[in-house]
Every structure is written in C-alpha cells, then in structure tokens.
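> have a look; sequence and predicted model below, questions after that.
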Amino acid sequence: MGSLPEVVERLDYPFARRDESVIDYYHGVPITDPYRWLEDTDAEEVSEFVENQRKLTESVLSTCDFREKLRERITDLYDYPKYECPFKKGDKYFFFYNTGLQSQSILYIQDNIEEEAHVLLDPNKLSDDGTIALSIHSLSENAEFLAFGLSYSGSDWVNIKVMQVKDKTLLSDSLSWVKFSSIAWTHDNKGFFYSCYPTPNEYANLDAGTETDINLNHQVYYHFVGTEQSEDVLCWRDFKNPKWLFGTAVTEDGKYLVLSIEEGCDPVNMLFYCNLTALPNGLDGFRGKDDLLPFKKLVDNFEARYDLVANDGTIFTFRTNKNAPRYKLVRVDLNTPCIWIDVIPESTKDVLESAHCVNGGQLLVCYLSDVRYVLQIRELVTGCFLHQLPIDIGSIYAVSGRRIDREIFFGFTSFLTPGIIYQCDLGVLVPELKVFRESILKDFRGADFETKQVFATSNDGTKIPMFIVTRKDVNLNCQNPALLYGYGGFNISITPFFSVSRIVFAQHCGGVLAFANIRGGGEYGEEWHKAGSLARKQNCFNDFVSCAEFLIIEGYTQPNKLAIEGGSNGGLLVATCINQRPDLFGCAIAQVGVMDMLRFHKFTIGHAWTTDYGCSDDEEAFHWLIKYSPLHNVRRPWECLGGKYGIQYPATMLLTADHDDRVVPLHSLKLLATMQHVLCTSVIDSPQTNPIIARIDTKAGHGSGRPTRKLIDEAADKFSFLTKMLDTSWFDYNS
C-alpha cells in the first residue's frame with residue numbers, strides 16, 4: 001500500500017516511553033513488553049498518553065472534508081422509528097420503541113395489541129447524556145413486577161432494580177456486581193434467580209468498568225422481592241472451578257430450574273436441574289442457610305452444547321450439537337437420563353439456529369442455509385415439517401411467542417431493510433405472515449441497490465461466502481471505494497444487518513459494501529467454527545485476505561481504495577491482516593480488538609476466550625499465538641518485503657473506550673504505541689506517511705448500550721477518516 005499524496009500531512013506522534021527491561025519468558029522464549037505500563041489504566045502517565053492521542057486524532061479528523069456532512073447525513077437517515085418485537089407476559093403486551101434519535105429505546109405496556117401503549121420504563125430519564133442503558137429485563141409470570149438491569153457507561157457490570165408494574169413504583173431492591181446474567185422468575189412471583197461475582201475488595205472507590213481484574217467465582221443467587229441483596233439465597237457456586245460461568249432458566253411450567261455451566265466461549269455446557277416443586281419448604285427454606293440447592297446432573301461433561309427448548313413434565317427437549325455439528329433437536333426423560341432420542345435429526349447442509357415452542361405443540365424452527373435464514377413450523381412431538389414461512393434474504397433478529405398462545409411475532413432485517421416486525425397466527429390451517437410494524441427511512445430507496453452473494457476461494461481451496469451490496473449502477477472499473485467487514489470467531493454468524501452509516505457511504509461515496517463469512521464463525525456449524533480456531537486460527541486471516549483479493553480481481557475496487565473493518569475478535573482480524581498483508585489495503589478500522597494474544601487471559605473475562613484462541617501458558621498454544629498476535633508482529637514492510645514499491649501500512653484507526661471491561665483498552669493502547677514506534681517515530685524520514693491513530697471514547701464500553709449520539713459521532717468519525725484516506729468524492733443522492 002503506497003502513500004496517498006496530499007491526503008494528510010506527516011504526523012508528529014506523541015512520545016511514549018519504552019521500558020525494554022520488561023521481559024517475560026514463555027517456555028524459554030524471551031518476549032519484551034515495553035508498554036506494559038499502559039496496562040495501568042489509573043496511572044497519570046497513561047491518562048497523559050490517552051489525552052495526547054486524542055488530540056492527535058482530532059487534528060487528523062478536523063482535516064476530513066466530509067466529517068460534518070457525514071454527521072449530518074447519518075443523523076438525518078438514523079432518524080427513523082425503531083421497533084422491537086412485542087412480547088406477552090400475564091395478560092399484557094410489552095415492546096421497546098425508539099422514535100428515532102432518542103438515546104435509548106423505551107419500554108411500553110398495553111392491555112392488548114391494538115390499544116394505545118403507555119410508557120412503562122424510560123431509560124432516557126435516568127441520565128442527561130443517555131449513558132445509562134437497560135441491558136437485561138424480565139417480567140414476573142403474572143406481570144406484577146419488572147426486574148431490570150442497568151449498565152453504566154457501557155460497562156458489562158449491571159445493577160438490577162425492581163419495579164411494580166401496576167403503578168410504576170420503583171422498589172428498594174438493588175442488586176450489584178451482576179455480570180453475564182439472566183433474570184429467571186419463579187412462578188410464584190416471589191423472586192428470581194440471577195448470577196453475579198463477589199464484591200471487589202476496593203469497590204467503594206471503583207469506577208466499575210474501568211478495572212482490569214480477572215473475573216472469577218461466578219455465583220447464582222435467588223432474590224426475594226422486597227429484601228436486601230445481603231439476604232439473597234446462594235444457590236450455586238464452585239470454588240474449585242473459579243473461571244466457570246453459570247446461567248439459569250425456569251421451565252415454562254415453573255417446575256424446574258435448569259442450570260447451564262460453561263467453561264468458556266466454546267459451544268459446550270454441562271446441564272444440572274433442580275425440581276423446585278420438590279423442595280419441602282420451597283426456596284424460603286434456604287433463607288439464612290449455607291446449603292446450595294439440590295441440583296441433579298443431567299449432562300456432566302463439556303462435550304456438546306444443550307439449549308432448552310421445552311418440557312412436558314420430566315420429558316425435556318433440547319437443541320444440541322452432540323454428534324451433530326450443524327445441530328439437531330433431541331428429547332430425554334429425566335427418569336431415564338441415559339436414553340436420548342432425535343426429534344429433528346441434523347441436516348446434511350443447513351444449521352439449526354434455534355427452536356421455539358409455540359401454539360401448544362408446535363415448534364418455530366430457524367435454519368441457516370448458506371447464510372440465508374429459513375423459517376419452518378414443525379410438530380413438537382414428532383419434529384415433522386408442517387409449514388415454511390416465506391422470508392427474503394436477511395436475518396431473523398428476534399422471536400416472540402409462548403406455548404399457550406397461537407400468535408407469534410418475529411423481527412426481520414437485511415442490508416437494505418431497517419426492520420420489519422411480522423405477525424403470524426399459527427391457529428389457522430395455512431399460516432400467513434402479516435407486516436405488523438415496519439421501519440421506513442426517508443430519502444432512501446432500497447430498490448436502487450442490490451445484494452449479491454458470491455464465493456471467494458481461500459488459499460486451501462475452501463469456498464468462502466461473501467455478501468456484496470452496491471448501487472445497481474455500479475461500474476466494475478476497479479475505481480470504487482470499498483469496505484470489507486469480517487469477524488470469524490466464537491461460532492458467531494455474520495448474517496445480513498442494516499447499517500445507516502454504511503448506507504450513507506454507499507449512497508454518497510459510491511461505496512461497495514462487502515461482508516465476509518469467514519471460518520471461525522457459525523455459518524456452517526461447529527466444523528466451520530473449529531476450522532478457524534486454536535491452531536487453525538490462521539484460516540480466518542487467509543479467508544479474509546482471499547475475500548479482499550476477490551473484490552480486487554473482480555473489478556470492484558483496488559488496494560488503495562479498499563478499507564477493512566472489524567470489532568472485538570474482528571478487531572484482531574483487521575490488525576492481523578494489516579500485519580500480514582499491508583500492501584492489500586488502503587485503510588483499516590480495528591474496533592475494540594484483542595491485540596495482545598499472550599496476555600489477554602489475565603484481564604476481566606479474557607480467560608473465557610482461551611477455548612477459541614488457546615492460552616500462552618500452554619507451550620503448543622504459545623507457538624501458534626506468537627505467530628499472529630498483532631502486538632508482536634508489527635514489522636516495517638519496506639524492510640521485510642525488500643522495499644517493494646515503497647510499501648507501508650494502510651491508514652489505520654484503532655477504536656477503544658474507557659469503560660470497555662470486555663476487551664480492555666490496554667489492548668488497543670499497547671498496539672497503538674507499538675505501531676507508532678516501529679513504523680514512524682523510530683525511523684528517520686519514515687516511509688510510513690499513512691496515519692496511525694486511535695479514537696478513544698469516554699463513558700462508553702465494548703459497544704452495547706451506547707446512546708444514539710455516541711453511535712452517530714463514532715460513525716461520522718470512522719467514515720470521515722475512511723473517505724479521506726481512500727480519497728473518495730461526495731455526491732448528492734436522489735432517491
């Protein structure tokens with residue numbers, strides 16, 4: 001990637017101290033970590049570094065011609081109504097709605113689906129800047145109480161509150177240090193199960209979300225409404241396995257508590273259950289005692305994933321990947337736990353994404369077929385096919401329905417469709433979909449664009465699916481600016497989604513949008529996931545590079561017009577690809593990425609990722625991690641590639657935030673300092689003229705719960721940088 005003349009002046013990078021004395025030995029191999037001091041987020045020196053980097057970034061962004069145009073246009077297009085699926089509890093309906101530019105969506109209640117809705121909980125009134133978000137919520141079975149979790153400044157930490165629905169009275173209940181938790185009510189409506197961590201030792205002065213301490217000893221509690229958290233019943237913990245995570249669910253008949261135990265992010269879990277109706281004095285009998293609930297083991301190994309679908313008494317139905325990498329539905333009787341039968345066998349090609357029990361004895365089943373959703377109605381008892389519900393190429397992002405109701409709702413979106421809520425009555429002979437609500441954007445017409453699915457060929461011959469979105473009048477002359485997005489990890493599938501900022505890039509800059517479904521994700525099941533994890537992680541980077549090369553070969557773009565983007569594991573993807581192929585890209589946007597692959601497991605919940613990455617404590621894993629770890633593989637391409645065409649790194653923006661306690665900011669800060677040193681400040685008249693900068697946000701976290709204004713500001717900054725670095729033009733769009 002050559003420099004872009006006159007795009008930006010050579011930058012004067014801030015000084016960052018290097019401490020070469022910090023050396024770790026991994027299985028006899030010395031590894032220097034000169035920016036270890038950037039891991040201390042409370043240090044004044046780190047604050048100074050961050051502030052200097054912010055000033056540098058602003059100096060670059062202030063020269064971006066389209067910055068305010070982008071902010072104005074993204075704001076204008078983002079101002080459309082956003083609906084979520086209505087759901088029923090007791091005899092009431094509930095749904096979330098945002099008029100357009102409200103910081104957070106509001107929870108509404110209505111007596112029936114046709115009547116006027118009323119505000120139940122408005123998170124926008126909880127803070128002036130919209131940085132308090134509603135992260136989890138659950139209504140009691142009779143809809144008398146709403147338990148809801150608030151997150152602050154984007155942190156994963158949650159504080160649970162309780163509201164009396166009838167008069168919207170906020171009760172005194174307050175549960176702290178909740179993280180990675182559900183809220184599961186018992187059917188007597190007395191309280192709920194939740195998961196939390198022990199209170200930190202220095203919590204009084206702790207700005208929750210800025211700490212980097214490892215999260216250990218997850219625990220399950222039961223909270224009685226109207227009591228103090230200190231009185232909660234401890235239901236489960238396991239000090240022998242401090243890294244394990246616990247999730248709870250109460251069966252739809254209210255009889256059983258199901259405990260899911262996970263050792264990391266791999267799609268495997270153990271399953272225990274407790275018969276709540278068999279407790280002599282109910283949960284009240286455990287108050288003030290140290291006894292854990294009497295769980296029984298159903299699955300006591302980490303060989304497969306089991307997701308509860310339904311139960312009829314002791315007969316349980318699960319979705320599982322046990323001997324079925326594309327998943328299947330199975331059934332077991334708790335009285336004969338060694339006998340499991342298939343209800344819906346594994347498909348030969350498609351992935352069984354989800355199954356919901358609805359309308360008495362029916363299942364709403366969702367498959368993923370070549371990254372395209374297929375929606376079916378089947379019988380619960382036999383698994384027999386009944387109906388297929390027609391949907392376009394896109395994603396099902398929510399399903400709402402109960403076994404006692406014949407009515408279902410589900411949400412649909414695509415690259416060109418912001419959102420449709422469909423309603424379906426399953427009680428008729430031939431169910432039909434009806435549009436219940438639809439989000440319409442002003443000054444945008446999806447018919448002017450088209451979505452194609454293509455298949456790139458990776459270096460080992462594997463076909464990699466990729467969606468490409470362009471204007472219909474696109475000219476394949478290699479001159480188009482393009483943005484390639486990828487993730488490739490943790491069994492997560494990248495299916496079509498709507499993005500206002502990307503649409504603006506396509507509308508006004510003629511941008512080509514590409515979305516790569518690389519290995520490591522879940523698009524083709526567990527085999528596809530495993531093919532991009534642990535020792536085979538390099539496949540992810542090869543796949544992504546192959547997709548980039550496809551766009552160039554087919555005439556969509558050229559290297560200095562091609563930008564790449566990814567977040568979290570996708571940030572790792574982007575950073576690794578610019579290390580390995582700096583010549584292939586014109587701009588790189590790496591958001592909240594995992595950049596230090598030797599130390600990630602030492603911070604907050606990073607230990608859970610070792611199931612996908614491995615851990616440097618293991619010698620075999622160390623040797624594959626050190627080969628691609630972004631922090632440890634920054635090289636001067638003009639030296640290692642023999643000075644070929646004056647190659648340098650693409651213009652690069654790293655993004656992180658002060659309250660990201662998922663992938664803590666130190667990852668991006670250390671990589672930033674390393675790139676600026678190796679490529680820029682340590683070389684006289686460095687060939688690296690493309691900028692290396694970071695956007696470091698405040699009162700924000702890994703991504704969820706971010707208020708609308710912050711989302712728009714970040715998008716405007718990203719795309720103003722991208723459009724300047726790709727030297728694009730701006731033209732008005734006439735729909």
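Looks like it arrived, so ask away. Residues are numbered from 1 along each chain as shown.

> which of the helices or strands spans the closest residue in space to residue 112 that isn't next to it in sequence?
With CB to CB, 6 or more residues apart in numbering as the criterion, residue 112 has its nearest non-adjacent residue at 6.6 Å, and that residue is residue 93. All C-beta atoms are positioned from the backbone trio N, CA, C, and that covers glycine. If you go by DSSP states H and E, residue 93 is part of strand 92-98.

> packing partners for that strand?
strand 82-83, strand 87-89, strand 106-110 (3 or more CB pairs under 8 Å, 6 or more residues apart in numbering; DSSP states H and E).

> that strand pairs with which strands?
According to DSSP bridges, strand 92-98 forms sheet pairs with strand 82-83 (antiparallel), strand 87-89 (antiparallel), strand 106-110 (antiparallel).

> for the helix or strand just after the longest one, buried residues please.
Stepping forward along the backbone from strand 106-110, the first helix or strand reached (DSSP H and E) is strand 118-121. Within strand 118-121, the residues scored as buried using 16 or more other CB atoms under 10 Å are 120-121.

> could you pull out the helices for the chain?
44-61, 67-78, 500-509, 526-530, 538-553, 569-580, 610-613, 619-628, 637-640, 666-676, 708-725 (DSSP state H).

> about what we covered before: closest to residue 714 out of the helices and strands packed on strand 92-98?
strand 82-83 (17.8 Å; CB to CB).

> mean confidence score for the closest one?
For strand 82-83, the mean pLDDT works out to 96.

> quick one: pLDDT of residue 2?
At residue 2, pLDDT is 45.

> tell me the pLDDT of residue 206.
Predicted confidence (pLDDT) for residue 206: 73.

> so it makes contact with residue 212?
No: judged on CB atoms under 8 Å, residue 206 makes no contact with residue 212 at a distance of 11.5 Å.

> now for the two: what residues contact both?
With CB atoms under 8 Å, 6 or more residues apart in numbering applied, the contact sets of residue 206 and residue 212 do not overlap.

> let's have the strands paired with strand 92-98 in CSV, adding distance to residue 354 and mean neighbour count.
Listed next are the strands paired with strand 92-98 as CSV, based on distance: least, CB to CB, whole Å; neighbours: other CB atoms under 10 Å:
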stretch, distance to residue 354, mean neighbour count
strand 82-83, 21, 18
strand 87-89, 16, 18
strand 106-110, 24, 19
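
> out of those, which is closest to residue 286?
strand 87-89 (26.3 Å).

> quick revisit: now the angle from the strand holding residue 93 to helix 708-725?
Angle, strand 92-98 to helix 708-725, by axes from the mean of the first three to the mean of the last three CA atoms, to 10 degrees: 40 degrees.

> rewinding a little: out of the strands paired with strand 92-98, which comes closest to residue 349?
That would be strand 87-89 among the strands paired with strand 92-98, by CB to CB, at 32.1 Å.

> average pLDDT for the closest one?
97.

> contacts made by that strand with the rest, please.
Residues contacting strand 87-89 (CB under 8 Å, 6+ apart): 93-95, 139-141, 143, 400, 402, 405, 409.

> taking the residues you listed, tell me the two that lie furthest apart.
Among the contacts of strand 87-89, 140 and 409 lie farthest apart (CB to CB), at 21.0 Å.

> for this protein, name the helix or strand with the lowest mean pLDDT.
Across the helices and strands of the chain, mean confidence by mean pLDDT, DSSP states H and E is lowest for helix 637-640: a mean of 90.

> buried stuff in it?
Buried, per 16+ other CB under 10 Å, within helix 637-640: 637-638.

> next: stretch 621-641.
For stretch 621-641, by 16+ other CB under 10 Å, it's 621-622, 624-626, 628-632, 634, 636-638.
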